[in-house]
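>>> have a look; sequence and predicted model below, questions after that.
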Amino acid sequence: MLILLLPNRRLAQFIARTAARICLTLAGIRVRRADTTRLPHDRPLVLVSNHASYMDAMILAAAVDVPLHFVAKRSLKTRYLGHVLQRLGTEFVARDDVRQSVDDAERLLARVHQGDGVVFFPEATFTAAPGLRPFRLGAFKVAAASGAPVVPIAVRGSRAILRGESRRPRPGRVTVWVGAPIPSDDNSWAGLVSLRDRARAEILAHCGEPDLADQVTIALPEWVRP
């Protein structure tokens, strides 16, 4: 109710971050930052994270110390939840429409104030089974086109807290690792692929899950192929 009533988005995001921390504590979920990275507050950032649970957004909101705008699938734009998420600056995209997803994300990045972070889950989905899926290129295309650095984030332990088929979280520990910003100064196809692979390699090294890159494929439309 406070989020819906507050006129200022910054204040609404502060309330959401505080509420996330309180809810996680009451649920017996301990979130720990396992890095010493200090994110810059004077420029836009593109943050990319692995996706293992419905709780990942709440965990990131509680752990990351810059205002966050999440890029979420359009099916979450329900009558009530969608309105709350919009007040927090969430942008809803067509997950299965690659062209529309990129257009929507570029529009979001263009209106984000300096110091904010735009959060992508480049796996686009998750399952109950552990493993890091292949990354889609949308987040990295947005970063390269805007010049915003990419910040890799690895969330470890959230899948065990709340698996895909479950509706009730378990008490436990979650570790959030935030990597140093990676420059995105090459907008060529090879540059985008290199940026994606570098960010994914860092997340894979810290998320504690196996690599599913050779087991899951992503079909790309003609317009995004080299």
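Sure thing, it's come through.

>>> past the worst-scoring helix or strand of the chain on mean pLDDT, which element shows up next along the chain?
Using mean pLDDT, DSSP states H and E, the weakest-scoring helix or strand in the chain turns out to be helix 98-111, at a mean of 62. For helix 98-111, the following helix or strand on the C-terminal side (DSSP states H and E) is strand 117-120.

>>> state the mean pLDDT of stretch 132-139.
Over the span of stretch 132-139, the pLDDT mean works out to 90.

>>> nope, stretch 21-37 is what I meant
92.

>>> now do it: distance to the chain's middle.
The chain centroid and the centroid of stretch 21-37 are separated by 17 Å, computed with Cα atoms, centre = their mean, to the nearest Å.

>>> span of that stretch from start to end?
One end of stretch 21-37 to the other measures 20 Å (Cα to Cα, to the nearest Å).

>>> cool, and stretch 28-41?
Stretch 28-41 has an end-to-end distance of 31 Å (criterion: Cα to Cα).

>>> same check, this time on stretch 118-130
The straight-line separation of the ends of stretch 118-130 (Cα to Cα) is 25 Å.

>>> also stretch 46-56?
The straight-line separation of the ends of stretch 46-56 (Cα to Cα) is 16 Å.

>>> distance between that stretch and the chain's centre?
Remark: stretch 46-56 is offset 5 Å from the chain centroid, using Cα atoms, centre = their mean.

>>> next one: stretch 125-133
Stretch 125-133 has its average C-alpha position 15 Å from the chain's average C-alpha position, going by Cα atoms, centre = their mean.

>>> need phi/psi at Ala160.
Recorded main-chain torsions at Ala160 are phi -70, psi -30, according to degrees, to the nearest 10.

>>> show the pLDDT at the closest residue to it other than its chain neighbours.
The shortest distance from Ala160 to any residue other than its chain neighbours is 6.0 Å, reached at Gly172 (Cβ to Cβ, 6 or more residues apart in numbering). Where you see a C-beta, it was placed from the backbone N, CA and C, and this is true even at glycine. The pLDDT attached to Gly172 in the predicted structure is 94.

>>> now do Leu220
The predicted structure scores Leu220 at 52 on the pLDDT scale.

>>> which residues does Gly179 contact?
35, 37, 151-154, 199, 202-203, 206 (Cβ atoms under 8 Å, 6 or more residues apart in numbering).

>>> how near is it to Gly157?
Between Gly179 and Gly157 the computed distance is 17 Å (Cβ to Cβ, to the nearest Å).

>>> adjacent strands (with direction) for the helix or strand hosting Ala72?
In the assignment (DSSP H and E), Ala72 maps to strand 68-73. Strand 68-73 has the following strand partners under DSSP bridges: strand 91-93 (parallel), strand 117-120 (parallel).

>>> deepest-packed of these, please.
strand 117-120 (a mean of 24; mean count of other Cβ atoms under 10 Å).

>>> quick one: that one to chain centroid distance?
Per Cα atoms, centre = their mean, the displacement of strand 117-120 from the mean C-alpha position of its chain is 5 Å.

>>> oh, and call the first residue 308 from now on, that's how I've got it
In the new count, where the first residue is 308, that last one comes out as strand 424-427.

>>> next SSE downstream of that strand?
Past strand 424-427, further along toward the C-terminus, the next helix or strand under DSSP H and E is helix 445-453.

>>> which residues sit against the helix or strand just after that following helix?
Moving toward the C-terminus from helix 445-453, the first helix or strand encountered (DSSP H and E) is strand 457-463. Residues outside strand 457-463 that contact it (Cβ under 8 Å, 6+ apart) are 344, 346, 352-357, 359-360, 363, 366-367, 371, 424, 446-447, 450, 481-489, 491, 502, 506-507, 509-510, 512-516.

>>> alright, that wraps it up for me.
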